[in-house]
Every structure is written in C-alpha cells, then in structure tokens.
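A.B. asks: Test case, fold it:
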Amino acid sequence: MDKLRAFLKRKDIEISAQRYGIGALGAMAQGLFCSLLIGTILDTLGKQLGIEALVTVGGYASAMSGPAMAVAIGYALHCPPMVLFSLATVGYAANALGSMTLDGGKGAGGPLAVLFIAIIAAEFGKAVSKETKIDILVTPLVTILVGVGLSAWWAPALGTAASSVGGIIMWATELQPFLMGIVVSVVIGIALTLPISSAAICAALSLTGLAGGAAVAGCCANMVGFAVMSFRENRWGGLVSQGLGTSMLQMGNIVRNPRIWTPVILTSAITGPLATCVFHLQMNDPAGGVASGMGTCGMVGPIGIYAGWVSDVANGVKSAITPWDWAGMILICLVLPAVLSWALGLVFRKIGWIKEGDLKLEA
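C.D. replies: Model prediction:
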C-alpha cells in the first residue's frame, strides 16, 4: 500500500473530491464555454446580423466542445503534454457517444460522459507516462484506448441517465412550476456561487425549458444580488467583477459569515417561481442548457434566452418575440435581483446579521 501511495504521489494522481469535483468540473465548464457556448453566441449573432462568416466560425467552435472539455479537464489534472494532447480524441468520442441513449436515440449526457471518462483516461495516461523507453507510443495509446473504450462502454448509459434525470426535473417543473421554480432556482444559484460549476451541471442534465429559466433566475439572483448588495464595500469594481464575472468571489466572506448569503438565496426563491409562473421564462439555447447555469457572466444567460427565442421562432415553436418576453428577461435577470437583494440586504444589515465589511472583497 505504501508503494502505491508513493507511486500515486510521484505521478501527481490525487483521488479527491477537491480535484475531481471542483478542479476538473470547473475546468470542464471553461472548456464548454470556450467551444459550444461561444460557438452558439457567434452563430446567433451571425444569423441575426446576416454575417455568414460568424455562423461558420460558430459551427466550428461548437463542433469542438468534446475535445475542448477533455483537454481542459486534463489541464486541471496536471497532465503531461502527451496525455493532454491525447485527451482530444477521448473527449470527441465521449461527447459523441454520450449524446446518444442506449436505444440509439438522442441523449443529453455528452458533458457528463466527458467528465467521468476524461478523468479516468487522464489518470491512466499519467500513470504510464515516461515509464517506458517508447513513451511516445505507450502514453497516447493507453490514454486513447482507455478513453475510447470506456466511451463505447459507458457513454450511452450516461447519456440515458442524464436525459432521464434532466427530463424528470423539467417534467416536474412543468407540473409544479411554483415549487420547482423555487427549488431549481435556489439549488442552481447556490451551485453557481460554490466553487463548483453550475454551467457544467446544467449542461450535463441538458436543463432547458421552464427549468432552465428557473436556473437562470437563481444564477442571476446570486451574481447581480451580491454585486448590488456589496456595492458600498466594493464600489464599481466589485459591481462589475461579481455582476459580469462570478459571485464565487464572495465564498471567503460566506465561510466567515454564512448569513450574508441569505438575502440572495431569498431573492432566488422569489425570482424562480416568478420566472416559471408569471413570465413563463424558458431557456432553450441551442447549446443544450449550458447557458442556464451561467447567469450574467458575460451576459451569457440573457444571450442564451434570446438565442432560444430565435431558435423557437425559426422552428415554429414560437410565433414571435413579444414585449412581455423582453420584460420578463430584464426583470428576472437584472432588475428584480438588484432591487430585492439590495432591500433584503438593508434589512439584514439593520438587524446585525450583515456587518460593515462582511461583503468586502479581498484586493
């Protein structure tokens, strides 16, 4: 056992929730953002502006989502170059096969399959890296064969499972929009602020429709909420870094005083059911749900909602984009999170749950 521990340490193979559940998952979301999500944005802009070149570039970017996710995971796991480059093939196979169900239908488990399979393939590749005199053959062969083999074996099952779980959440939201609007909004909003990836979770479950709308509401409540609520401590820099960047910047302060999270969580519990029951806000972005977990990060959430409207109109699902649609998106994504979090923040400051400096970001 001691020899095994020494070998794993020498190979920098650390089997832990921190490395896989936070490091790899967060990196996967960045890979997804830099491929599928950017591709979707470019495609939408190209179609709306009539610029065919943007549509073409967007298509290329979207097609590389599997390799981008796998390479990002490998980077987070500190893979040596030969392993890292080999993961491009693994990501392509896992994403393609994870997008199928066991019966050959369309699945939603591409990102989920890439996460599990790329981690295993990467660790196997790291284990054999530089252990032989023919490393240039052994390392890529082991990494690719393990990854593609597991993709053929596991990926369709993961695609089926992800589709089932995501389908249940979306079905439950359609059936009970008020209750599920609260649950989805609060849970995904919390995931966005925690050091895990809400975007990867939403993408893995292909969280779209009303459930996607509730997820956007929760993410925006956390990002815009913290940005506005902490304005007196962090001024304009904090407003931009949290409102357009990430509310994860507040995690250190949350650990020191968890009660500072309460106003934005309450805000998400209000805006979630408003999104589902009043505005019927849906996230049907062509990227398959990843924008549901992005909030106002780079304004990806609102852009995803708009891209979904455009797609629905083009497919005949929606007749037109109405003023009510725009009002709902602006209120749920921007106005209500700002107003509600600010007001609730004042109450919590007044009763002493939030003290001066509790929301101050470290320079």
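A.B. asks: what sits against the residue nearest to Ala27 when sequence neighbours are not counted?
C.D. replies: Closest residue in space to Ala27, ignoring its immediate chain neighbours: Ala76 at 3.6 Å, by C-beta to C-beta, 6 or more residues apart in numbering. Backbone N, C-alpha and C define where each C-beta goes, glycine included. By C-beta atoms under 8 Å, 6 or more residues apart in numbering, the contact list for Ala76 reads Arg19, Gly23, Ala24, Gly26, Ala27, Met28.
A.B. asks: which element is the residue nearest the centre of the chain on?
C.D. replies: Among the residues of the chain, the one closest to the centroid is Ala199, at 0.8 Å (C-alpha atoms, centre = their mean). Here Ala199 sits within helix 198-205, counting by DSSP states H and E.
A.B. asks: pretty sure Glu131 is in a helix, no?
C.D. replies: No - applying DSSP: H, G, I helix; E, B strand; the rest coil, one finds Glu131 to be coil, outside a helix.
A.B. asks: Can you report phi and psi for it?
C.D. replies: phi -90, psi -10 (degrees, to the nearest 10).
A.B. asks: Tell me who's in contact with it.
C.D. replies: Per C-beta under 8 Å, 6+ apart, neighbours of Glu131: Val138.
A.B. asks: what do you get for Thr267?
C.D. replies: Contacts of Thr267 by C-beta under 8 Å, 6+ apart are Ala221, Gly225, Leu336, Pro337, Leu340, Ser341, Leu344.
A.B. asks: what about the third one, how many residues close to it?
C.D. replies: Applying other C-beta atoms under 10 Å, we find 21 residues neighbouring Leu336.
A.B. asks: Which of the three states applies to it?
C.D. replies: With three-state DSSP as the basis, Leu336 sits in helix.
A.B. asks: measure the residue lying closest to it once chain neighbours are set aside to Val186 for me?
C.D. replies: Spatial nearest neighbour of Leu336, excluding adjacent residues (C-beta to C-beta, 6+ apart): Thr271 at 5.2 Å. Going from Thr271 to Val186 by C-beta to C-beta, to the nearest Å gives 10 Å.
A.B. asks: Equivalent analysis for Val128, please.
C.D. replies: For Val128 relative to Val186 (C-beta to C-beta), the value is 44 Å.
A.B. asks: Out of the two, name the residue with the larger neighbour count.
C.D. replies: Val186 (22 against 18).
A.B. asks: Neighbour count, secondary structure and pLDDT for the contacts of Ala76 - can I get that in a markdown table?
C.D. replies: Formatted as a markdown table, the contacts of Ala76 follow (neighbours: other C-beta atoms under 10 Å; DSSP: H, G, I helix; E, B strand; the rest coil; pLDDT from 0 to 100):
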| residue | neighbour count | secondary structure | pLDDT |
| --- | --- | --- | --- |
| Arg19 | 17 | helix | 91 |
| Gly23 | 19 | helix | 86 |
| Ala24 | 25 | helix | 89 |
| Gly26 | 18 | helix | 77 |
| Ala27 | 23 | helix | 85 |
| Met28 | 29 | helix | 84 |
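A.B. asks: Helices of the stretch 201-350 of the chain, start to end?
C.D. replies: 209-229, 231-240, 251-256, 262-273, 300-314, 323-330, 336-350 (DSSP state H, counting those that start in this stretch).
A.B. asks: coming back round to it: taking their axis directions, the helix holding Ala199 and helix 209-229 sit at what angle?
C.D. replies: Angle of helix 198-205 versus helix 209-229, following axes from the mean of the first three to the mean of the last three C-alpha atoms, to 10 degrees, is 180 degrees.
A.B. asks: Nothing else from me, thank you.
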